[in-house]
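Engineer: Need a 3D model of the sequence below.
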Amino acid sequence: LAETWLLTGTSAATTTTQASLSLDILNSTVTIPDGNLTGTSFTGAFGGNTVVERMTVQVTFATTFLADVAMYLISPDGTVSELIRSNAGGADFNGSWTFETQAFRGEDLSGTWTVRIVDQAGVDTLTVSDIVITGYGASTTDDRYIFTNEYSNYAGVSGHLTAITDSNGGTDTVNAAAVSSASNIRLDGGSGVIDGVSVTFSGIENAIGGDGADTITGSSGNNQLFGMRGADQIFGGSGTDTLTGGTGNDTLNGGLFHDFAYGGDGDDWFLITANDFADSVYGGTGHNTLDLSGVLTYGFTVNLATATYDFIPGIGGPYVVQDVQDVIGSNQDDVITGNSVANVLNGGGGNDTLNAGAGVDTVLGGEGDDLLIYSYGDAFDHFNGGNGTDTASFDWAMSIVYDLVSGFYSEAPLSYTRDLIGIENVLSLGAGNDTMIGSADNNLLDGGAGNDSISSGGGNDTMIGGTGDDIYVTDGGDTITELAGEGIDRVRSQVSIVLAANIEYLDLLGGFSALNGTGNNLDNRITGNAANNRILGAAGNDTIIAGNGNDTLNGGAGVDSLSGGAGNDVYVTDGLDTITEAFNAGTDTVMSTVSFGLTANLENLQLLDGGSAVNGTGNAFDNVITGNSANNMLNGAAGNDTLNGAAGNDTLYGGAGADVMSGGAGNDTYNTDGLDTITEAFNAGNDTVVSSVSFSLGANLENLQLVGAATNGNGNALDNRLVGNTNANRLNSGAGNDVLVSGAGADTLIGGAGNDTMIGGTDDDNYQTDGLDSIVEALNEGTDTVTSTADYTLAANLENLVLDGVTALVGTGNGLNNRLTGNTFNNTLSGAAGNDTILGGSGDDTLNGGAGDDLLNGGLGADQMNGHAGVDYFVFNTALGAGNVDTIVGFVVADDRIHIDNAVFVGLAAGVLSAAGFKANLSGLATDASDRIIYETDTGNIYFDSDGTGAASRVQFASVATNLALTNLDFFVI
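Structural biologist: Predicted coordinates for the structure are as follows:
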């Protein structure tokens, strides 16, 4: 009972007034630090309402140098009284010394008193083993109700109360310090228990518990409640109360209004519940907890490092929370900060912010979306986010592994581990090279500075690398955020992905999963996997490296480097790119929006639509080159190539090799060396073949241009245009209304069926026509010949005509010196103007020389020849006979001549016929042996007699008009 520091009587339950109160605040030996001017303070609290008249302090101590000892007594009001300092009475002291002071006269004795003892200097020792403070004052109405273990022995006995009511005022106290069992002291008028006896109190302000696990409940007034020993529960009620737990693991709840709660020894629990005001909390020794979980409507700011806390928003605070290690938050949004010891910070309900201190803390988010903070310099804390979407923030300079799957974090390499459980988001505020591994939740992983590696789990994660060269591993559905200038960063993806802004590298993972990868506007490096990838570099000068699949690589804008690897790859280029393909690494295709030449080891080329006429060139491989809808030039180069022009007016060069060319729609041009196959669809444009060898147009091809060493060109059933070169060409149009254009050589142009147009060149050209054709020959462009199977009149600038076919034809010359030749039928050949040569065939022909000096030769048959104007020559050089007698009409003796061939007219000397060899008479018979040519004047018949008057008979070969003055001079032997 002495521990209550009261002067009492011996009754088990009595009231008394006091003249003095004593307080024993130390019962063990304590060494005072040498040379520490702060010294050591010892405290104790008086109750009651005594007005101080004087104070005594009895100190039992031992020192080796008394002059260094200083002692001070400090009142609850802050008054300081110096008890002893620098005493020169001796070198040492060992005993009890009582000091008396009246410095506190008139002050209230109640409250906490402090004795401060200092060992000021020197090499000495000072130990203190007992301190008793005694206060003396006037008697008051402050009553004490003392209970002991004997109370139950007298309960119900007259004079021993079980219902205690104070009626004389003052500050009254129930003191059960001497009771060993658990007491239930209720100052609120409820029924309590002391020493097993039910007891009620009314008008009592203060209570003191005993040895048991007491329950003490305050009233509506201002109470002082002491738990003393045991694991006590103390509830202040309404009023401004002071709660002191004492020894044991106590629970203290101040109740309404602002209270003061002192834990004392043991692990104490401080409760702030619904509708309570915040209390000033002093934990004392032990491991103490501030529990705010009963507060439903307000959040709190708790800072154990500054020993303060307050409502959010602040109401009357901040309040003291001293010597408390653990905190449980309210049901609202709290901000809780630890201190340097090992704290347990539990956010409770609400979206809390929990900031671990320097100790090895356990941080529990509880319910709600919480923020758990590790600050630089803290120890390694255990984090458990609890329910909700929780975030752990680390301000750490080292490289850390954060594994949300396994639920730990550790310094890298794994030298230790700490819990990281129930955390969805991790923020790294340090500069270390961190490793972050997401869970199946939707995580936020922020690596901060440093070269971080961030891996998503199964959720839709947000990953932020911060500064440094970061690596992101994603499984899809994730958001990756990287700011400009924050390092060279890499994404490794197990799904198709488009690179977010400010990320440079992309690696496609997933083994044999066909994935797509798209870059951004930076200079990206994108690497495929072993499956079939589609990779787009977008803007920037990108490097794209595919794997072993059949990949599609598109550098996008910029000067890109594309490497397909094994497999049948497709490259899409804008022409600024470098494409690298290994030998024998698949059949690869380039798709280009600009003119492009296939480089080594590339097989195929596809020109893409872009509105431009672009060109494509192959290499030494067997290429497949396909144009776009514009006008393309496709060149297969070496190899057996396949060229597809598609739409547009395309030009196709097969190059060396046996190529296959298809122009598609449009007016296409094929350049061939003769080994190629040209395929053109019906009605797919007006197409041209340019050939360096003789060539025949295939189906659906319209035009042919011969170049190089080519000599012959053949058309088809279409309306063809065949153009020769400088060689002696043979152009045969075939069916259709064709145009044949001769080159510089001596060409043969065959119109074939149809209304053809044949245009000659500068050399001696030959035209073959069916009479329906138009032949165009320029002036002075050689000596040209027309061979016709129908009646024909030579057009301007054509010199010769040969009639062909199986019918009697009419051939007519022009103003030039023509050569007209008939066929085997009965022809009519008319020379018109010019010095013409007209040659009949084997039929009975009619030859008209026209104006000019003409040469007419009827050939075989009974021909009629008329030289008309000019000096004309009539030629006889075919075998003589009855059916081969020609009629010369309009023979003019002064101008015309008859030429006879001595191969037929045997025996005649070449030159002008001799006078002896000519005879003109009425009989038409030779008159002597020298007569050879005989003109029968009355009939106009002309005979050849090979021996004159000899045995041989005369043979008629011509007839002219009668009675002409023919002489030997009209005949010329050739």
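
Engineer: where does the chain dip in pLDDT?
Structural biologist: In the predicted model of the chain, residues 1-19, 48-49, 88-90, 138-140, 155-160, 377, 412-415, 611 satisfy pLDDT under 70.

Engineer: again, only this time at 50
Structural biologist: When residues are selected by pLDDT under 50, those of the chain lie in 1-18.

Engineer: Show me where it has its helices.
Structural biologist: Remark: helices of the chain, listed N- to C-terminal, are 151-154; assignment by DSSP state H.

Engineer: got the domain boundaries for it?
Structural biologist: Split into domains by automatic domain parsing, the chain comes to 18-137, 144-286, 911-973.

Engineer: any chance of those domains in a markdown table, with distance to G754 and mean neighbour count too?
Structural biologist: Just so you know, the C-beta spots here come from the backbone N, C-alpha and C atoms, and that holds for glycine as well. What follows is the domains of the chain, written out as a markdown table (distance: least, C-beta to C-beta, whole Å; neighbours: other C-beta atoms under 10 Å):
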| stretch | distance to G754 | mean neighbour count |
| --- | --- | --- |
| domain 18-137 | 126 | 17 |
| domain 144-286 | 110 | 22 |
| domain 911-973 | 43 | 17 |
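
Engineer: Adding distance to A585, write those domains out as JSON lines.
Structural biologist: Formatted as JSON lines, the entries for the domains of the chain read as follows, by distance: least, C-beta to C-beta, whole Å:
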{"stretch": "domain 18-137", "distance to A585": "82"}
{"stretch": "domain 144-286", "distance to A585": "73"}
{"stretch": "domain 911-973", "distance to A585": "86"}
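
Engineer: Tell me which residues of stretch 870-878 come out buried.
Structural biologist: Residues of stretch 870-878 classed as buried: 870, 872-876, 878 (neighbour count, 16 or more other C-beta atoms under 10 Å).

Engineer: what's the first-to-last distance across that stretch?
Structural biologist: Counting by C-alpha to C-alpha, to the nearest Å, you get 25 Å between the two ends of stretch 870-878.

Engineer: picking that back up, greatest separation within the buried residues of stretch 870-878: which pair is it?
Structural biologist: Largest separation among those by C-beta to C-beta: G870 and T878, giving 23.8 Å.

Engineer: separation between the closest residue to G212 other than its chain neighbours and S152?
Structural biologist: Taking C-beta to C-beta, 6 or more residues apart in numbering as the measure, G212 lies nearest to A182, with 3.3 Å between them; neighbours along the chain are not counted. Noted for A182: a distance of 13 Å to S152, by C-beta to C-beta, to the nearest Å.

Engineer: likewise A795?
Structural biologist: Here the criterion is C-beta to C-beta. By it, A795 lies 154 Å from S152.

Engineer: Just list the residues touching V324, thanks.
Structural biologist: Contacts of V324 were listed using C-beta atoms under 8 Å, 6 or more residues apart in numbering, and they are 270, 281, 283, 288-290, 304, 307.

Engineer: Tell me which two in the residues you listed are the farthest apart.
Structural biologist: For the contacts of V324, the maximum inter-member distance is 14.8 Å, found between T289 and A307 (C-beta to C-beta).

Engineer: Compare neighbour counts for the two and give me the winner.
Structural biologist: The residue with more neighbours, out of T289 and A307 and counting by other C-beta atoms under 10 Å, is T289; that gives 23 against 19.

Engineer: what's in contact with stretch 606-616?
Structural biologist: The set of residues external to stretch 606-616 that reach it, using C-beta under 8 Å, 6+ apart, is 572, 589-598, 605, 625-635, 646, 648.

Engineer: Please verify my assumption that F512 contacts G528.
Structural biologist: No - using C-beta atoms under 8 Å, F512 is not in contact with G528; the gap is 11.5 Å.

Engineer: So these two - more neighbours on which side?
Structural biologist: G528 (30 against 12).

Engineer: Roughly how far does the more buried one sit from I579?
Structural biologist: Taking C-beta to C-beta as the measure, G528 falls 15 Å from I579.

Engineer: try W113
Structural biologist: Taking C-beta to C-beta as the measure, W113 falls 92 Å from I579.

Engineer: For the closest residue in space to G189 that isn't next to it in sequence, give the beta-bridge partners.
Structural biologist: In space, not counting the residues next to it along the chain, G189 is nearest to S202; the distance is 5.7 Å by C-beta to C-beta, 6+ apart. Taking DSSP bridges as the rule, S202 bridges to T165.

Engineer: S202 contacts L161, correct?
Structural biologist: No - the pair S202 and L161 does not pass the contact test of C-beta under 8 Å, sitting 11.2 Å apart.

Engineer: tell me the phi and psi of the nearest residue to G135 once chain neighbours are set aside?
Structural biologist: In this structure, G135 finds its nearest non-sequential neighbour in L109, 4.4 Å apart by C-beta to C-beta, 6+ apart. Main-chain dihedrals, L109, degrees, to the nearest 10: phi -70, psi -30.

Engineer: L109 touches A45, doesn't it?
Structural biologist: No - at 10.1 Å, L109 does not count as touching A45 under the criterion of C-beta under 8 Å.

Engineer: The residue nearest to G212 reaches G230, doesn't it?
Structural biologist: Yes - shown here, A182 and G230 form a contact pair, counting by C-beta under 8 Å, at 7.0 Å.

Engineer: Once you drop chain neighbours, what's closest to T812?
Structural biologist: If you skip the residues right next to it in sequence, T812 has T793 as its closest partner in space, 3.9 Å away by C-beta to C-beta, 6+ apart.
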